[in-house]
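Peer 1: Just to be clear, the model below is a prediction. Sequence and coordinates:
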Amino acid sequence: MQTTLSQFQRHQLEVIARVTPHSMAAHLLNTTVMAIAVAGSVPVAQLICWCVYSYTIALLILYRHVRSGGRVPRNFPRAARRATLYAILLSLPWSVMAVAYLGSLPHDKELILVALVVGMVASGTILLSALPFAAFAYMSVVLVPGAIKCLVFLNQTGYVLLGVLAVSYWWFLAALIAKITREIAERKQADIALKDSEVRLQEALTAGQVLAFTWDPGACLSQRSANASQILCMEPEAATRGQRQDFLACVHPKDRGCFLAKIKGLSPDNPAYSVSFRFIGTDGREVWLEETGKAEFDAHGRYLRLKGLTRDITERKRAEERQRMLVCELDHRVKNVLASVSTVAQRTRESSGSMDEFLRVFDGRIKSMANAHALLSRSHWRGVSLAELVRSELEPCMSEGSGCVDGPDLLLAADATQPIAIVLHELVTNASKYGALSTPHGRIAVRWEWCEPQQRLVLKWIEADGPPVVAPNQPGYGTDAIRNLVPYELGGTVELSFSADGLRCTIELPSECLDRTFRPSSVINVSETDSPRVPASSGVSSA
């Protein structure tokens, strides 16, 4: 199974890959020198076998290196084991030569043998130091067998000293390899810590919808963090590394000029910038980005690089747009409310006989408007249930069993809520002063239904068992509001009838007065049936 190489492990294997051709050339050269030096003192067959083995191992390793194109292996443990095996195979010819012929060669040829062995051990250990275990195996296989022969089997003083020197040399190299091993372990730990830090940084950038970038003006290349493709809506390869012009081409045409002006305006006196712009990804999706960066200049004022952060602020821009629309909507509604209050105050004053009456009637109408506003606020201005609005207007003036509310559960649009509330309030006020609610036995029924063929909502207000109804000689504000507000504000119709047995009011509203989520097939009937049945003459069928 392949394992991901750390940055330091890759560096170790790159060192070995770079020195392999040179070390194999040195091995072949030293083998040739050794063969020439001992020729005539070693049996020809043995020398030929020794040379063939040494040449074959070196050439095989060189062939594998050339075939792989010098590429770095992807599996570090397997590469380290292979390097150790190669080190042992390369060291065997020199170990065999020392064990087999040390003490039997002429003095001058022994000196050449010892010199070549020491040189091979030193160079091999240094070249393999990037992989300490392979270096240790190489120098041990070369030195230890020869040292044992000198100390145990050759009793002459010179050879004993040579064996001691070999052991001390081995010990020195072993200590050096141990030190290198500790340093490599420390570097690996630092590499792991750095990798973890990079992962945490990447996670933080991704969580914060921020990407880091660096731009090299000399090469005109940009490098960005790994999460760039998620923010820029581009392919990973193009998002993390690419030409600056490719990035500029995706900046919204209306924002490109301002963006370029910020970049071109950088100088040693003004090295930082901050700009917001729209960016169109390769998938066509448009996002808002906020970029802050700082340019670096050398002592002569030359532009070296640009570093910075790019943040996705699409949601913030959408929230700002929603807030702007809400402020505009609030401004519009406040103006409408103030205009309505002004109209109500003026018309109430015209129909009031005293200041006390004006205050009482005006207070009731303002409270009705405030109640409708509270219902809208509770639903976040998405509309109000018609049943809830009717009950809220009737509740203060009705006793138990004096009313009936019946109809499907419909949601009034926000713009229709206030006019309907005013009409209902005026109907309730009129019933409390002159109609069914002015006597203990009076009854009121409020029923509505959705008429599918006409696509209209029909609401009927029916009073019964109240005092005889007499049409007013001069309509007041309340009557005018009932008759005119719905047609004027909502495009509906109102039929107001002052029948002797009770007031009748039929209101028809177009479908636009209902919330946009309304579906005729989804209506659910809501009713309060604890009141006595309204007489059949009312013209409204019992629920």
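Peer 2: The structure has been received and is ready for your questions. Numbers count the residues shown, from 1 in each chain.

Peer 1: got the buried residues for stretch 350-368?
Peer 2: Ser351, Ser352, Phe358, Val361, Phe362, Gly364, Arg365, Ser368 (16 or more other C-beta atoms under 10 Å). Where you see a C-beta, it was placed from the backbone N, CA and C, and this is true even at glycine.

Peer 1: As a markdown table, those residues with secondary structure, distance to Trp170 and pLDDT would be great.
Peer 2: Shown next, in a markdown table, are the buried residues of stretch 350-368 (DSSP: H, G, I helix; E, B strand; the rest coil; distance: C-beta to C-beta, whole Å; pLDDT from 0 to 100):
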| residue | secondary structure | distance to Trp170 | pLDDT |
| --- | --- | --- | --- |
| Ser351 | helix | 118 | 70 |
| Ser352 | coil | 117 | 73 |
| Phe358 | helix | 115 | 78 |
| Val361 | helix | 113 | 76 |
| Phe362 | helix | 109 | 77 |
| Gly364 | helix | 108 | 78 |
| Arg365 | helix | 107 | 77 |
| Ser368 | helix | 103 | 77 |
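
Peer 1: show me where pLDDT drops low in the stretch 351-500 of the chain?
Peer 2: Scanning the stretch 351-500 of the chain for pLDDT under 70 picks out the ranges 399-401.

Peer 1: try 90 this time
Peer 2: Applying pLDDT under 90 to the stretch 351-500 of the chain flags the ranges 351-406, 408-422, 425-444, 450-456, 463-486, 488-490, 497-500.

Peer 1: next one: the stretch 101-250 of the chain
Peer 2: Across the stretch 101-250 of the chain, the ranges flagged by pLDDT under 90 are 101-114, 116-133, 135, 146-147, 149-163, 166, 169, 173-174, 176-177, 180-250.

Peer 1: Looking at the buried residues of stretch 350-368, which is nearest Gly218?
Peer 2: The closest of the buried residues of stretch 350-368 to Gly218 turns out to be Ser368 (C-beta to C-beta; 73.4 Å).

Peer 1: pretty sure that closest one is touching Ile422, no?
Peer 2: Yes. Here Ser368 lies in contact with Ile422, judged by C-beta atoms under 8 Å, at a distance of 6.6 Å.

Peer 1: between the buried residues of stretch 350-368, which is closest to Ala319?
Peer 2: Top of the list for closeness to Ala319, among the buried residues of stretch 350-368 and by C-beta to C-beta, is Ser368 at 33.9 Å.

Peer 1: For the residue nearest to the closest one when sequence neighbours are not counted, give me its contacts.
Peer 2: In space, and not counting its chain neighbours, Ser368 is closest to His425: 3.7 Å by C-beta to C-beta, 6 or more residues apart in numbering. Going by C-beta atoms under 8 Å, 6 or more residues apart in numbering, His425 touches Gly364, Arg365, Ser368, Glu393.

Peer 1: The host helix or strand of His425: how far from the chain's middle?
Peer 2: Applying DSSP states H and E as the criterion places His425 in helix 414-433. Put simply, helix 414-433 sits 50 Å off its chain's centre (C-alpha atoms, centre = their mean, to the nearest Å).

Peer 1: And the strands in this structure?
Peer 2: 210-216, 221-224, 241-243, 272-280, 286-297, 303-312, 384-385, 403-408, 411-412, 443-451, 456-464, 493-499, 502-510, 525-528 (DSSP state E).

Peer 1: Return the fifth one as CSV; C-alpha atoms alone will do.
Peer 2: Going back to what we said before, that points to strand 286-297. C-alpha atoms of strand 286-297 as CSV (Å, rounded to 0.1, in the frame of the first residue of the first chain):
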residue,chain,number,x,y,z
GLU,A,286,-21.5,34.6,-9.1
VAL,A,287,-19.9,35.3,-5.7
TRP,A,288,-18.9,38.3,-3.8
LEU,A,289,-15.3,38.4,-2.6
GLU,A,290,-13.4,40.7,-0.3
GLU,A,291,-9.6,40.8,-0.9
THR,A,292,-6.9,42.3,1.4
GLY,A,293,-3.3,42.2,0.4
LYS,A,294,0.1,43.7,1.0
ALA,A,295,2.9,44.1,-1.6
GLU,A,296,6.6,43.5,-0.8
PHE,A,297,9.3,45.7,-2.2
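
Peer 1: In its sheet, which strands sit next to it, and in what direction?
Peer 2: Note on strand 286-297: by DSSP bridges, its sheet partners are strand 272-280 (antiparallel), strand 303-312 (antiparallel).

Peer 1: Just the C-alpha atoms of the first one, please, in PDB.
Peer 2: Right, the one you point to is strand 272-280. What follows is strand 272-280 as a C-alpha-only set of coordinates in PDB (Å, rounded to 0.1, in the frame of the first residue of the first chain):
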ATOM      1  CA  ALA A 272      -1.600  47.500   1.200                       C
ATOM      2  CA  TYR A 273      -5.100  47.500  -0.300                       C
ATOM      3  CA  SER A 274      -8.600  46.200   0.300                       C
ATOM      4  CA  VAL A 275     -11.300  45.800  -2.300                       C
ATOM      5  CA  SER A 276     -14.700  44.000  -2.700                       C
ATOM      6  CA  PHE A 277     -15.700  42.700  -6.100                       C
ATOM      7  CA  ARG A 278     -17.900  40.100  -7.800                       C
ATOM      8  CA  PHE A 279     -16.300  37.000  -9.200                       C
ATOM      9  CA  ILE A 280     -17.900  34.700 -11.800                       C
END
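
Peer 1: who's in contact with it?
Peer 2: With contact meaning C-beta under 8 Å, 6+ apart, strand 272-280 is reached by 232-233, 250-252, 254-256, 258-259, 262-263, 265-266, 286-295, 313.

Peer 1: Give me the buried positions along that strand.
Peer 2: Residues of strand 272-280 classed as buried: Tyr273, Val275, Phe277, Arg278, Phe279, Ile280 (neighbour count, 16+ other C-beta under 10 Å).

Peer 1: Just the mean pLDDT for it, thanks.
Peer 2: Strand 272-280 comes out with an average pLDDT of 91.

Peer 1: starting at the chain centroid, how far to that strand?
Peer 2: Centroid separation between strand 272-280 and its chain, computed with C-alpha atoms, centre = their mean, is 19 Å.

Peer 1: With stretch 28-47 instead?
Peer 2: For stretch 28-47, the separation from the chain centroid amounts to 69 Å (computed by C-alpha atoms, centre = their mean).

Peer 1: Just the endpoints, please. Distance across it?
Peer 2: End-to-end distance for stretch 28-47, by C-alpha to C-alpha, to the nearest Å: 15 Å.

Peer 1: That one - what's its average pLDDT?
Peer 2: In this model, stretch 28-47 carries a mean pLDDT of 91.

Peer 1: Let's see stretch 376-388 as CSV, backbone CA atoms only.
Peer 2: Only the C-alpha atoms of stretch 376-388 are listed here, as CSV (Å, rounded to 0.1, in the frame of the first residue of the first chain):
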residue,chain,number,x,y,z
LEU,A,376,-47.8,40.7,11.2
SER,A,377,-44.6,41.2,13.3
ARG,A,378,-45.1,37.8,15.0
SER,A,379,-45.2,36.2,11.6
HIS,A,380,-42.2,38.2,10.3
TRP,A,381,-44.5,40.0,7.9
ARG,A,382,-45.3,36.8,6.0
GLY,A,383,-49.0,37.2,6.5
VAL,A,384,-51.7,36.6,9.2
SER,A,385,-54.2,33.8,9.6
LEU,A,386,-57.7,35.2,8.8
ALA,A,387,-59.2,33.2,11.6
GLU,A,388,-56.8,34.6,14.1
